[in-house]
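Asker: Make a model of this:
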Amino acid sequence: MGASEKTAILVVSFGTSYEETRKKTIEQIEKDLHNAYPEYPLYRAWTSPRIRAKLLKRDGIHIMDIDEAMLQIREDGFRNVVVQPTYVITGFESDAMKQKVMAFEKDFESIIICDSLMVTSQDKKEVCQAMAREYHPGSDEVLLFMGHGTEHVANELYPEMDQLFKHFGYSNIHMGTVEGDFSIESFLDELEELHPDHVHLAPFMIVAGDHATNDMSGEDDDSWKSILEKEGYSVTCTLKGLGEIQAVRDIFIRHTKAGLNKLSEIQA
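Answerer: Reported below is the predicted structural model:
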């Protein structure tokens, strides 16, 4: 077996029960990775038991969890695994993923875990510029992204990105989170000072799933859209996951390449 014949790529995602965004995001990331590195067989694992169970019951679709995927890769005869997570940040989900993957360390010659979307300064800069190009808000509107948010220390990435948008001259692009310390309520005072004619909401998540559909753009009183409209703002919502944006998917391709290069160095 050559190096490529001994190595598989495992793409790990949280998952989504929304078929449309799944095809545009997770499946498109996987397709791009396969096209970039066709010599390496590609496997998929999702980490959310709830979503996996829902898809199996509703659609008859079985998606492997990490344990199943690693066992399958081993049974298929591969000796090396390059793991590419599709997480935005390196938080609790990433920590748990790494623990589950490395439980199989003795079963393989090498396991390489690649970076999530935003780890290095280069990653953050590329994401910032990609989002500005994708949405290019007008001078009379505020573009407010909804990140997931977490109690993990990695949550500091969200205010860091908020400042990075300003650093690159996008003063009307802002960042909030559906969970954690940077909620929509914490932004209302600043928004009043900005007094924009219009507010544009978009998810800062790989998929435009439940949070984007309900917490951001839903009709319930506690959605971001409803809260802002109650404050008197004109609001538009775009349900587009980060995974739909080519420049974002290119970062995952770059991270996977770095993982493959690291594997080659180990084997040299």
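
Asker: In the stretch 101-250 of the chain, what residue spans correspond to strands?
Answerer: 110-113, 141-147, 173-177, 198-203, 235-237 (DSSP state E, counting those that start in this stretch).

Asker: would TSV of those with mean neighbour count, mean pLDDT and distance to residue 49 be doable?
Answerer: For glycine as for every other residue, the C-beta is placed from the backbone atoms N, C-alpha and C. TSV is the format used below for the strands of the stretch 101-250 of the chain (neighbours: other CB atoms under 10 Å; pLDDT from 0 to 100; distance: least, CB to CB, whole Å):
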stretch	mean neighbour count	mean pLDDT	distance to residue 49
strand 110-113	19	98	21
strand 141-147	23	96	23
strand 173-177	22	94	24
strand 198-203	22	97	23
strand 235-237	17	97	29
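
Asker: Provide a list of residues in contact with residue 113.
Answerer: 83, 85, 97, 98, 101, 102, 259 (CB atoms under 8 Å, 6 or more residues apart in numbering).

Asker: As a markdown table, these with neighbour count, secondary structure and distance to residue 130 would be great.
Answerer: Output for the contacts of residue 113, formatted as a markdown table (neighbours: other CB atoms under 10 Å; DSSP: H, G, I helix; E, B strand; the rest coil; distance: CB to CB, whole Å):
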| residue | neighbour count | secondary structure | distance to residue 130 |
| --- | --- | --- | --- |
| 83 | 24 | strand | 23 |
| 85 | 26 | strand | 19 |
| 97 | 22 | helix | 24 |
| 98 | 17 | helix | 26 |
| 101 | 23 | helix | 28 |
| 102 | 13 | helix | 31 |
| 259 | 21 | helix | 21 |
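
Asker: And these, which is closest to residue 196?
Answerer: residue 85 (35.2 Å; CB to CB).

Asker: what residues are up against the closest one?
Answerer: Contacts for residue 85 (CB under 8 Å, 6+ apart) come out as 11, 12, 13, 94, 97, 113, 114, 116.

Asker: And residue 88, by the same measure?
Answerer: 116, 117, 118, 147, 148, 204, 205, 206, 242.

Asker: got a list of what residue 42 touches?
Answerer: So residue 42 contacts 8, 9, 10, 11, 30, 33, 34 (CB under 8 Å, 6+ apart).

Asker: wait, is the third one part of a helix?
Answerer: No - with DSSP: H, G, I helix; E, B strand; the rest coil as the criterion, residue 10 is located in strand rather than a helix.

Asker: Spatially nearest residue to residue 206 (excluding sequence neighbours)?
Answerer: residue 243 (4.6 Å; CB to CB, 6 or more residues apart in numbering).

Asker: mind listing what the one you found touches?
Answerer: 21, 24, 25, 26, 28, 29, 86, 206, 207, 249.

Asker: how about those in JSON lines, adding pLDDT and distance to residue 154?
Answerer: Compiled in JSON lines, the contacts of residue 243 are given as follows (pLDDT from 0 to 100; distance: CB to CB, whole Å):
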{"residue": "21", "pLDDT": "96", "distance to residue 154": "23"}
{"residue": "24", "pLDDT": "97", "distance to residue 154": "25"}
{"residue": "25", "pLDDT": "98", "distance to residue 154": "21"}
{"residue": "26", "pLDDT": "98", "distance to residue 154": "21"}
{"residue": "28", "pLDDT": "98", "distance to residue 154": "25"}
{"residue": "29", "pLDDT": "98", "distance to residue 154": "20"}
{"residue": "86", "pLDDT": "98", "distance to residue 154": "15"}
{"residue": "206", "pLDDT": "97", "distance to residue 154": "15"}
{"residue": "207", "pLDDT": "97", "distance to residue 154": "19"}
{"residue": "249", "pLDDT": "98", "distance to residue 154": "21"}
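
Asker: between these, which is closest to residue 266?
Answerer: Taking those together and measuring to residue 266 by CB to CB, the closest member is residue 86, at 23.8 Å.

Asker: Would you agree the closest one is in contact with residue 252?
Answerer: Yes - here residue 86 lies in contact with residue 252, judged by CB atoms under 8 Å, at a distance of 6.7 Å.

Asker: what is in contact with those two at once?
Answerer: Common contacts of residue 86 and residue 252 (CB under 8 Å, 6+ apart): 29, 117.
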